[in-house]
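K.L.:
structure for the following, please:
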Amino acid sequence: MPEPCKAQACAIQDCLKSNRYDESKCTKFIDELYACCSQFYKDNGEESRTVCCPNPSLLSLKIKQRQQEKKDARLVN
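P.N.:
Numbering: from 1, shown residues only. Just a heads-up that it's a prediction; the model follows:
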């Protein structure tokens, strides 16, 4: 069975390598990984694990942080 969300995790790594590890240029891929991981936990339960996704509580925190960053970025513009 293929590793869940591996394609999204690899896309982040490729993006980071291509952009000198500037995470701000790879936000689309990070959001896609988090969406994939959210769906993985929804489909398989929070006790499920995959090496490509943070554990469910950390994932929830990271999603909240990214939503706050987007709000903060709009305030700065």
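
K.L.:
what are the ranges of the helices in this structure?
P.N.:
For the chain, helices defined by DSSP state H occupy the ranges 6-18, 27-44, 56-76.

K.L.:
any chance of the ones you listed in CSV, plus mean neighbour count and mean pLDDT?
P.N.:
No exception for glycine: its C-beta is placed from N, CA and C like everyone else's. Formatted as CSV, the helices of the chain follow (neighbours: other Cβ atoms under 10 Å; pLDDT from 0 to 100):
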stretch, mean neighbour count, mean pLDDT
helix 6-18, 15, 97
helix 27-44, 16, 96
helix 56-76, 11, 81
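
K.L.:
any chance of these in CSV, plus distance to Thr50?
P.N.:
As requested, the helices of the chain are exported to CSV (distance: least, Cβ to Cβ, whole Å):
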stretch, distance to Thr50
helix 6-18, 8
helix 27-44, 6
helix 56-76, 11
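
K.L.:
can you check the pLDDT for Glu46?
P.N.:
What the model reports for Glu46 is a pLDDT of 94.

K.L.:
do the same with the one 3 residues further on
P.N.:
On pLDDT, Arg49 comes in at 94.

K.L.:
number of residues surrounding it?
P.N.:
Arg49: 13 surrounding residues under other Cβ atoms under 10 Å.

K.L.:
how about the one 5 residues further on?
P.N.:
Pro54 sits with 15 neighbouring residues when counted by other Cβ under 10 Å.

K.L.:
right, and it touches Cys37 too?
P.N.:
Yes: Pro54 is within contact range of Cys37, at 7.0 Å (criterion: Cβ atoms under 8 Å).
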